[in-house]
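A.B. asks: Sequence first, predicted coordinates after that:
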Amino acid sequence: MISSSGGWPIDSTRLRAGYRKVRDELLAERTEDGHWVGELSSSALSTATAISALSTAQAATVGRRLEPAAVEDIVSAGVAWLIKQQNTDGGFGDTDLSHSNIATTYLVVAALHLAGVANEHAELIQRSNAYIESKGGLNGLRERYGIDKTFVVPIMTNLALAGLVEWHEVDPLPFELACVPQSWYRFVGMPVVSYAIPALVAIGQARFFHAPPRNPFTRLIRRLSVNRSLKVLRRMQPESGGYLEATPLTSFVVMSLASIRSRHAPRDEPTTTTGRGFADDVIHNGVKFLINSARPDGSWPIDTNLATWNTTLAINALAGAGEDVATFLGPECLDWLLSCQHRKRHPFTGSNPGGFGWSDLSGAVPDGDDTPGALLALDAWRKSIHCTEAERKRIEAAALKACCWLGRMWNHDGGLPTFCRGWGKLPFDRSGTDLTAHALRVNPKWPMEEDRIAFLSPDEAAEFELPKNVTWYLRHHQHPDGSWSPLWFGNQDHPNEDNPVYGTAKVLMAYRDLDLMDSPEAQRGIAWLLANQNVDGGWGSGVWDRVVPKSKPQTPNLKSSIEETALAVEVLLAARSPSPEPRAPSPAAQAVSRGLSWLLDRVENNQHRQPAPIGFYFAKLWYYERLYPLIFTVAALGRACRQFTPPQAAATIEPSESRAI
């Protein structure tokens, strides 16, 4: 037994064995070229929207560019998968571990109508409609999203295409705004978030053609904007055909444009050959993306993959454990990661080169969370004793561009947004505490000497610097109870679908790396984590406490999640919470010991791979990622080994062993 600095005993043998097990499992998850891809959960929401899009596109383009039989088979497989996902309350959740929600349930009902199988599944639809009514119907749907039209208008459009609501109930979207210069978007009052411009154009046009505005001036302006906005839409479409690699966004674009081209649409569709060509190209490429991304079981995920994000998380978890990542992973992993850096101005957001997105696929967009993750991973690589001078030069060149990209992203409120600086009016465009904290962890690791910034312009050099008062934004967005809320993660059992465990842990990691854990706000955050540890020793909000249909595999009735527990343990390892008595273990040490014991129990019983739906995608779309629990457990147990294990018992492996894993 080895004692921590707080005086609490830790079983070092058990800890090392648990860490080795999860580390080796993580290394075994690599692809042949040394990186991680992972797997996002299948999604009833994504599957429903894909079915609707393919069904609408098939009606519009039979005899042109689609293979009807192939589409019919894919739609049939999607329907077969979808009908198995209904929960006992009659509703549908985003994933098979998610509670029912009104948005997904509406989309499933619409999909079954558009696929022409509503009569076959009348009882299922009746139960779904009963659930929808219990949640307030259309008013309940609108209340879920408030002023943000990013998702409620696409859902209403899907319902209108299925004949379930009248077109006049769908809010019109000013698609003509997409025709202004991209740098003006944040000034013209877009009713959707920055990443939803394709939906603004396609859905706005569908509403325009199906239910033209009465105002003749508005009607004229929009008619004149049709072809030009379609050109913008085509320019934004990536090589894969999938906007943001996201099934729902791509599906909404496809079904909206296809409805205009179908025999049921008005005759006054885009009037020029160019306009029709842009629309047909977008439909064709979008359908190709949907066909290619369908899974063998008939489902679709919320996004293709998070390969870059998962790879940087894994590298940083191993580095935090003290492993020499260059020795473990080899040059092919570094080559792959550097290839993920965006080297051109991005057509989707207009951002400059230098950032990293969540995937190496063409639909990914550089953002304010993946770029710091990549920078931290590159920093760990350059510090390796096996990093060559040539590799170090490549890393530093890439890091300089990424740091400059990140420097241009800071909002005036002192926080960091996801995609675009200065939007900030709608929820997923505002600054986020998790993103801000992630970026604050980067800068101290990349000091810029004069000779390294000499080739930058004065503006670029100035933009590299962090805000003068680096933690101002974080201090002013801490909740009165001491916690922080993240932007991109949630907990479905939290009253506000929030995840303060994730947010607080991520913010405290910045305070840890900045050596500010003794600050008042950090101490309040630590106190909140300590006060919110579950009785079983983990953290979370009872994500498994629900009844699942008999047709689905039963999951352990765990009150805590692997992901949240691992994050809390990792950051509390750095807590310097004062002990109430000189020889007594500190509250933080006790919490860490209980949390580690909970995690090790799961590892030893092979329950550590069970994911929780903590992912909170665009517009309240839930997901889970297969690798999250494994990566987060490696990070927590690895740092614990590093902190509690003496050098002679360290958990690292020799370089000669690393290639064989």
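C.D. replies: Ah, there it is.

A.B. asks: Tell me the gap between the helix or strand hosting A640 and the middle of its chain.
C.D. replies: Using DSSP states H and E, A640 maps to helix 628-644. Distance of helix 628-644 from its chain centroid, counting by CA atoms, centre = their mean, to the nearest Å, is 22 Å.

A.B. asks: phi, psi of S43?
C.D. replies: For S43, the backbone dihedrals (degrees, to the nearest 10) come out as phi -130, psi 130.

A.B. asks: Just list the residues touching it, thanks.
C.D. replies: Going by CB atoms under 8 Å, 6 or more residues apart in numbering, S43 touches D94, T95, T247, S299, W300, P301, I302, L621, Y623. C-betas here are computed from N, CA, C, even on glycine.

A.B. asks: Bridge partners for the nearest residue to the last one once chain neighbours are set aside, pull those for me.
C.D. replies: If the residues on either side of it in the chain are set aside, Y623 comes closest to G615, at 3.9 Å by CB to CB, 6 or more residues apart in numbering. As for beta bridges, G615 partners with F489, Y623 under DSSP bridges.

A.B. asks: G615 is in contact with F489, isn't it?
C.D. replies: Yes. When contacts are counted by CB atoms under 8 Å, G615 is listed as touching F489 (6.4 Å).

A.B. asks: picking up where we left off before, and which of the contacts of S43 is nearest K84?
C.D. replies: Distances from K84 to those, taken as CB to CB, are shortest for S299 (9.8 Å).

A.B. asks: low-scoring stretches of the stretch 101-250 of the chain, by residue?
C.D. replies: 182-194 (pLDDT under 70).

A.B. asks: Which stretches in it count as helices?
C.D. replies: Shown for the stretch 101-250 of the chain, the helices assigned by DSSP state H, counting those that start in this stretch span residues 102-114, 122-134, 137-145, 149-161, 197-210, 216-236, 247-261.

A.B. asks: so which of those comes closest to Y19?
C.D. replies: Y19 sits nearest to helix 247-261 of all the helices of the stretch 101-250 of the chain, at 36.2 Å, using CB to CB.

A.B. asks: coming back round to it: among the contacts of S43, which ones are in helices?
C.D. replies: Residues of the contacts of S43 located in helices (DSSP state H): T247.

A.B. asks: So which of the contacts of S43 is the closest to L177?
C.D. replies: Distance to L177 across those (CB to CB) is lowest for L621, with 24.3 Å.

A.B. asks: lowest-pLDDT helix or strand in this structure?
C.D. replies: When each helix and strand of the chain is scored by mean pLDDT, DSSP states H and E, helix 655-658 comes last, with a mean of 39.

A.B. asks: re the thing from before, ranking the helices of the stretch 101-250 of the chain by mean neighbour count, which comes first?
C.D. replies: helix 247-261 (a mean of 29; mean count of other CB atoms under 10 Å).

A.B. asks: can you map out the strands along the protein?
C.D. replies: For the chain, strands defined by DSSP state E occupy the ranges 2-3, 9-10, 42-43, 300-301, 615-617, 621-623.

A.B. asks: How far does the fourth one sit from its chain's centre?
C.D. replies: Computed by CA atoms, centre = their mean, the chain-centroid distance of strand 300-301 equals 14 Å.

A.B. asks: May I have the strands that pair with that strand, each with its orientation?
C.D. replies: By DSSP bridges, strand 300-301 pairs with strand 42-43 (antiparallel).

A.B. asks: quick one: average confidence on the strand it pairs with?
C.D. replies: Strand 42-43 shows a mean pLDDT of 96 in the predicted model.

A.B. asks: where does the stretch 251-400 of the chain have low pLDDT?
C.D. replies: Scanning the stretch 251-400 of the chain for pLDDT under 70 picks out 262-276.

A.B. asks: quick one: the helices in it?
C.D. replies: Ranges of helices within the stretch 251-400 of the chain are 273-293, 307-320, 325-329, 331-339, 370-382, 389-407, based on DSSP H, counting those that start in this stretch.

A.B. asks: List of residues touching the third one?
C.D. replies: It refers to helix 325-329. Here helix 325-329 makes contact (CB under 8 Å, 6+ apart) with 27, 30, 34, 315, 318-319, 334, 377, 380-381, 384-387, 391, 655, 658, 661.

A.B. asks: on that earlier part again, nearest to S485, out of the helices of the stretch 101-250 of the chain?
C.D. replies: Among those, helix 137-145 comes nearest to S485, with 17.7 Å by CB to CB.

A.B. asks: just the angle between the closest one and helix 122-134, please?
C.D. replies: Here the directions of helix 137-145 and helix 122-134 differ by 60 degrees (axes from the mean of the first three to the mean of the last three CA atoms, to 10 degrees).

A.B. asks: Counting by contacts, list what helix 137-145 packs against.
C.D. replies: Here helix 137-145 touches helix 102-114, helix 149-161, going by 3 or more CB pairs under 8 Å, 6 or more residues apart in numbering; DSSP states H and E.

A.B. asks: Which residue, neighbours along the chain excluded, lies closest to L630?
C.D. replies: Excluding the flanking residues, the one nearest L630 by CB to CB, 6+ apart is L26, at 5.5 Å.

A.B. asks: in terms of contact, does the one you found touch I315 like I think?
C.D. replies: No. In this structure L26 lies outside contact range of I315 using CB under 8 Å: 10.4 Å.

A.B. asks: and these two? which has more neighbours close in?
C.D. replies: Using other CB atoms under 10 Å as the criterion, L26 and I315 rank with I315 on top: 29 against 22.

A.B. asks: Quick check: chain neighbours aside, which residue is closest to that one?
C.D. replies: Closest residue to I315 apart from its sequence neighbours, by CB to CB, 6+ apart: A377 at 4.0 Å.

A.B. asks: ok, that neighbour touching G320?
C.D. replies: No. Using CB under 8 Å, A377 makes no contact with G320, being 11.0 Å away.

A.B. asks: Show me what the mean pLDDT comes to for the helix holding A640.
C.D. replies: What helix 628-644 shows for mean pLDDT is 95.

A.B. asks: Show me what that helix is packed up against.
C.D. replies: Under the contact definition 3+ CB pairs under 8 Å, 6+ apart, helix 628-644 sits against helix 12-28, helix 307-320, helix 562-572, helix 587-604.

A.B. asks: Now do it against helix 562-572, angle only.
C.D. replies: Between the axes of helix 628-644 and helix 562-572, defined by the same axes, to 10 degrees, the angle is 20 degrees.

A.B. asks: tell me the angle helix 628-644 makes with helix 307-320.
C.D. replies: Helix 628-644 runs at 20 degrees relative to helix 307-320, counting by the same axes, to 10 degrees.

A.B. asks: Report the contact partners of H346.
C.D. replies: H346 neighbours (CB under 8 Å, 6+ apart): G355, V365, P366.

A.B. asks: List just the nearest of the residues you listed to Y243.
C.D. replies: Distance to Y243, by CB to CB, is smallest for V365 among these, at 9.5 Å.
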